[in-house]
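[1] just a sequence and a predicted model for now, questions to come.
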Amino acid sequence: MSIIDFQSVTKKFGDVTILDNITLSIDKGEVVTVIGPSGSGKSTFLRCINALETINDGDLIVDDTSVKGTPSDIRRIRRTAGMVFQQFNLFPNLTALENVAFGARKVCGMNKKEANELADALLAKVHLADRKDNYPNQLSGGQQQRVAIARSLALKPQVMLFDEPTSALDPELRQEVLHVMQELAQEGMTMVVVTHEMGFARDVGTRLLFIENGHIVVDDNPKKVFEHPDNPRLKEFLSFAV
Ligand code: ADP
Ligand code: MG
């Protein structure tokens with residue numbers, strides 16, 4: 001039951017190949033973490049999945065829909081695959097509740113009451129029930145990122161894509177975000193997570209990808225990889241990262 005299927009995907013920026021003929025599929029329920037050096041193509045890999053980048057060659061199928069499809073296909077893919085970025089990008093003039101309810105109203109066409117009820121439930125899920133009337137500037141970075149996660153969940157995605165969701169946060173605020181992500185994983189959410197959090201990759205991830213120079217160099221069980229990183233480049237990478 002694959003939900004994301006890379007079929008010989010090549011992505012270039014100008015003449016530079018960023019993803020080189022990548023073939024892999026991700027099944028429902030997998031928690032895939034993606035690690036690799038800066039500039040290796042991790043964000044590009046994620047952005048191709050929800051068609052924020054166009055691919056140059058091959059095909060990429062998300063829940064039976066090609067990223068090379070029509071504008072309506074692209075809209076469908078963006079609802080299927082929710083994305084959380086390093087920067088939370090909340091609307092500063094909307095409360096936490098309004099930020100979460102916004103997409104449910106605009107994208108899913110819910111009425112205000114339904115959207116607010118959903119937002120209430122999702123803010124409770126990310127442990128922010130008591131902060132729903134706060135504006136982003138009244139929330140810590142960790143709280144803002146949890147609102148951003150709730151906002152993505154409001155579109156009822158089938159898979160969640162995270163691009164270094166804790167990298168903009170002070171270390172003491174990272175855990176609360178990782179905890180919410182761990183809970184999502186435990187509920188069975190399919191997730192693709194670009195991260196430098198090796199503890200998360202090892203303990204929560206079910207599969208680990210190491211990207212380098214546009215190639216998936218390692219695709220394996222995280223526990224095995226962390227115990228025996230036999231790929232020399234990965235070994236070197238981990239020796240700096242851990
Ligand atoms: P990572 O997330 O692993 O740090 P990225 O996927 O952001 O890497 O970038 C991979 C490479 O593609 C980098 O060399 C980066 O400079 C380049 N790149 C990313 N986005 C663009 C763009 N819009 N135009 C040109 N080059 C880009
Ligand atoms: Mg990146």
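    Everything's here; your move. Numbering: from 1, shown residues only. Ligands and ions are numbered 1, 2, ... in the order given.

[2] from the contact counts, what lies against the least confident helix or strand in the chain by mean pLDDT?
    For the chain, counting by mean pLDDT, DSSP states H and E, helix 232-241 ranks last in confidence among helices and strands (a mean of 88). Using 3 or more CB pairs under 8 Å, 6 or more residues apart in numbering; DSSP states H and E as the contact definition, the elements that helix 232-241 packs against are strand 207-212, strand 215-220. In short, each C-beta sits where N, CA and C put it, glycine included.

[3] and ligand 2, which of these is closest to it?
    strand 207-212 (10.3 Å; CB to the ion).

[4] secondary structure class for the closest residue to ligand 2 within the chain?
    Relative to ligand 2, the nearest point of the chain is residue 43 (3.2 Å; CB to the ion). Under DSSP: H, G, I helix; E, B strand; the rest coil, residue 43 falls in the helix class.

[5] identify the residues contacting it.
    Remark: with contacts taken as CB atoms under 8 Å, 6 or more residues apart in numbering, residue 43 is in contact with 163, 164, 194.

[6] okay if I get those residues as JSON lines plus neighbour count, pLDDT and distance to ligand 1?
    What follows is these, written out as JSON lines (neighbours: other CB atoms under 10 Å; pLDDT from 0 to 100; distance: CB to the nearest ligand atom, whole Å):
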{"residue": "163", "neighbour count": "20", "pLDDT": "98", "distance to ligand 1": "7"}
{"residue": "164", "neighbour count": "20", "pLDDT": "98", "distance to ligand 1": "8"}
{"residue": "194", "neighbour count": "22", "pLDDT": "98", "distance to ligand 1": "7"}
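
[7] and of the residues you listed, the nearest to residue 31?
    Proximity to residue 31 was ranked across these by CB to CB; first place goes to residue 194, at 12.6 Å.

[8] which bits of this structure sit near ligand 1?
    If contact is defined as CB under 6 Å from any ligand atom, the residues of the chain in contact with ligand 1 are 13, 18, 36, 38, 39, 40, 41, 42, 43, 44.

[9] tell me the contacts of the second one?
    Residues near residue 18 by CB under 8 Å, 6+ apart: 11, 12, 41, 44, 214.

[10] just confirm it is within a strand.
    Yes: with three-state DSSP as the criterion, residue 18 is assigned to a strand.

[11] give me the pLDDT value at it.
    Each residue has a pLDDT score; the one for residue 18 is 98.

[12] tell me how far the residue of the chain most remote from its centre lies from ligand 1.
    No residue in the chain has its C-alpha farther from the mean C-alpha position than residue 113, which lies at 28.3 Å (CA atoms, centre = their mean). For residue 113, the distance to ligand 1 (CB to the nearest ligand atom, to the nearest Å) stands at 40 Å.

[13] what about that residue, distance to residue 119?
    11 Å (CB to CB, to the nearest Å).

[14] in space, what's closest to residue 152 - neighbours in sequence excluded?
    If you skip the residues right next to it in sequence, residue 152 has residue 82 as its closest partner in space, 3.5 Å away by CB to CB, 6 or more residues apart in numbering.

[15] for the one you found, what are its contacts?
    152, 153, 155, 157, 159, 160, 161.

[16] repeat that for residue 25.
    2, 4, 5, 6.

[17] what residues does the chain put near ligand 2?
    42, 43 (CB under 5 Å from the ion).

[18] at 8 Å instead, please
    Counting by CB under 8 Å from the ion, the chain comes close to ligand 2 at 38, 42, 43, 44, 86, 163, 164, 194.
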